[in-house]
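[1] Okay, sequence plus prediction incoming.
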Amino acid sequence: MSAETVTISSLGAKGDGVAHDSNGPIFVPFALPGETVSIARVKSEGTIMSFATTSPDRVQPPCRHFGPDGVGGTCGGCSLQHLAKAPYNEFKRQILIDALKSKGLEAPVGDIFEAAPHQRRRLVFTVRRRESGIVIGINQAETHHVVKIEECPIASNGILSRMDAIYTIARAAGSDAFRITVTETLTGLDISLDGLRGGLGDQERRAVTNAVIKLKGIARVSANGEIVIEPNKPLLDFDGARVALPPGGFTQATLEAEAHMAELAIAHIGKAKKVADLFAGVGTFALRIARTASVFAVESDEKAIKALDQGARTTQGLKPVSIERRDLFRRPLMTSEFKTFDAVVFDPPRAGAEAQCLELAKSQVKKIAAISCNPLTLARDLAILTAGGYRIDKVTPIDQFLWSPHVEAVATLTKG
């Protein structure tokens, strides 16, 4: 380890400050462009020891777990609380612009849709049993140490206000180490216990059940994907369509971002009469679109597509919704299958939709709305579509994961 003084020139893709020397880049977490800092260096990574100059963009972090001096605290959940709002938003927007440029795409990129504090309705906690008792929190960056969360400016108040109940359920589970995914739904918290070695034993299952019976506001507890107790179906609302979230099921992290992404997609497809929704999940977009168009929803996860189907069947006023369970990575819809569709919406996992876009690019579908949580795979997929004759109308960055380097996007495309 060596000590040296460096000047930060930019922010890297992970939010680290980046300096340079003759050997290449040096990554310094929690440093900002324009700052001169003394660092303890190991290879290409540096830890801030002191500041010679600080950036005017440096602000007081809102959370004590981040560290009051803005150079990193104990919790590894956030990485950019020390950066002022305007440069923070531009940093995220630039990540998307750079990803598009890496594929030779000059697309109009709109202003970022901003996340606000206390909007996250879905959080994953780590649980560890210590001599002093159960600890529920977030891993410290680059370590297995779990930081007990006593405040969290990103989490919804619906989750924060029920931490006592979450602790009660964690204690009843009995395991020394596991994860808890907590999702706030219309009918209460959906709590998923994952990583339990051997699952829950009979004694622990009874303990969890008895604990939930005495608690209020818990819709369901599942363990390793199996329901333990379900006082209420954990319901989500998609423009009036109610869907029961399957155990361990995916939903967008914030209601506000979800609604905005859906608005952008629906506004783009306009008066389309028949729409294909690919990687449809539990119906986040499909059931909203079905208010004005018939929808063909495709999803590989059996529980998710069944939940979507049930939501469509129990909601009045929808246009026809048909479904197919299909792995679009291995068996994408072929070009000929798109002949009857006016528009396509797709929202794949981080790996993107390369195989599907290769087929879609050859189709004559007029309008496409592409939703993505990974700018790099989105750029690759958009390059495939533009090579097939599509025009990118606009790309809108979406900040759903506040104070992190993650950025989502909605891209709208037209052919003809």
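    Received the coordinates, thanks.

[2] all helices for the chain, in order.
    85-101, 157-160, 163-173, 202-214, 255-269, 286-289, 302-313, 354-360, 375-387 (DSSP state H).

[3] In CSV: these, plus distance to S10.
    For the C-beta atoms, the positions are set from N, CA and C on the backbone; glycine is no exception. Compiled in CSV, those are given as follows (distance: least, Cβ to Cβ, whole Å):
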stretch, distance to S10
helix 85-101, 9
helix 157-160, 35
helix 163-173, 38
helix 202-214, 49
helix 255-269, 27
helix 286-289, 39
helix 302-313, 40
helix 354-360, 29
helix 375-387, 17
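
[4] how much space between G198 and E204?
    10 Å (Cβ to Cβ, to the nearest Å).

[5] Flag the shaky bits of the protein, pLDDT-wise.
    Within the chain, the segments meeting pLDDT under 70 span 1-2, 68, 70, 72-73.

[6] and V410, what is it in contact with?
    Contact analysis of V410 by Cβ atoms under 8 Å, 6 or more residues apart in numbering lists M261, L264, A265, A369, A370, I371, V395, T396, I398.

[7] whoops, G17 was the one
    G17 makes contact with I8, S10, L11, F27, V28, P29, F30, A31, L32, P33, E35, V37, according to Cβ under 8 Å, 6+ apart.

[8] Would you format the residues you listed as a markdown table with neighbour count and distance to A244 included?
    A markdown table is the format used below for the contacts of G17 (neighbours: other Cβ atoms under 10 Å; distance: Cβ to Cβ, whole Å):
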| residue | neighbour count | distance to A244 |
| --- | --- | --- |
| I8 | 23 | 48 |
| S10 | 15 | 46 |
| L11 | 22 | 41 |
| F27 | 16 | 44 |
| V28 | 24 | 46 |
| P29 | 18 | 41 |
| F30 | 25 | 42 |
| A31 | 30 | 46 |
| L32 | 25 | 45 |
| P33 | 17 | 47 |
| E35 | 22 | 50 |
| V37 | 25 | 51 |
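
[9] And the contacts of V410, which is closest to Q119?
    Using Cβ to Cβ, I398 is the member of these that lies nearest Q119, at 12.2 Å.

[10] A107 versus the residue lying closest to the closest one once chain neighbours are set aside, what's the distance?
    Sequence neighbours aside, E408 is the residue nearest to I398 in space, at 4.2 Å (criterion: Cβ to Cβ, 6 or more residues apart in numbering). Distance check for E408 against A107: by Cβ to Cβ, it reads 16 Å.

[11] Compare the two and say which one has the larger neighbour count.
    Between E408 and A107, E408 has the larger neighbour count (other Cβ atoms under 10 Å), namely 25 against 19.

[12] Please compute how far stretch 97-114 lies from its chain's middle.
    Relative to its chain's centre, stretch 97-114 lies at 19 Å (Cα atoms, centre = their mean, to the nearest Å).

[13] buried residues in that stretch?
    Buried residues in stretch 97-114, counted by 16 or more other Cβ atoms under 10 Å: I97, A99, L100, K103, L105, A107, V109, I112, F113, E114.

[14] need the contact list for the third one.
    It refers to L100. Shown in contact with L100 (Cβ under 8 Å, 6+ apart): E106, A107, V109, P375, A379, L382, V395.

[15] And the buried residues of stretch 97-114, which is closest to H144?
    Distances from H144 to the buried residues of stretch 97-114, taken by Cβ to Cβ, are shortest for A99, at 31.0 Å.

[16] That closest one against D381, yeah?
    No. In this structure, A99 is not within contact of D381 by Cβ atoms under 8 Å, at 11.0 Å.

[17] Now do the end-to-end distance for stretch 269-281.
    Its first and final residues considered, stretch 269-281 spans 19 Å by Cα to Cα, to the nearest Å.

[18] which residues touch that stretch?
    Against stretch 269-281 from outside (Cβ under 8 Å, 6+ apart): 249-251, 285-286, 289, 292-301, 304-305, 308, 323, 328, 333, 338, 340-349, 353, 356, 365-367, 369.

[19] How about stretch 108-121?
    Stretch 108-121 is contacted from outside by 62, 89, 92-93, 96-97, 100, 153-160, 183-184, 251, 253-257, 260, 392-402, 407, using Cβ under 8 Å, 6+ apart.

[20] Take those residues and, keeping just the buried ones, write it as a ChimeraX select command.
    Selection of the buried residues among the contacts of stretch 108-121 in ChimeraX, burial being defined by 16+ other Cβ under 10 Å:
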select :89,92,93,96,97,100,153,154,155,156,158,159,160,183,184,251,253,254,255,256,257,260,392,395,396,397,398,399,400,401,402,407
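
[21] so how many other residues sit close to the residue lying closest to A355 once chain neighbours are set aside?
    Spatially, and ignoring its direct neighbours in sequence, A355 is nearest to P332 (4.7 Å; Cβ to Cβ, 6+ apart). Applying other Cβ under 10 Å, we find 20 residues neighbouring P332.

[22] who does L83 bridge with?
    Going by DSSP bridges, L83 is paired in beta bridges with R58.

[23] Adding distance to I213 as columns, could you present the buried residues of stretch 97-114 in CSV?
    CSV is the format used below for these (distance: Cβ to Cβ, whole Å):
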residue, distance to I213
I97, 52
A99, 49
L100, 52
K103, 54
L105, 55
A107, 54
V109, 51
I112, 44
F113, 41
E114, 41
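
[24] Among the residues you listed, name the ones in strands.
    With strands taken from DSSP state E, there is no overlap with the buried residues of stretch 97-114.

[25] so, if you compare those residues, which one comes nearest to V42?
    Ranked by distance to V42 (Cβ to Cβ), the buried residues of stretch 97-114 are led by A99 at 28.9 Å.
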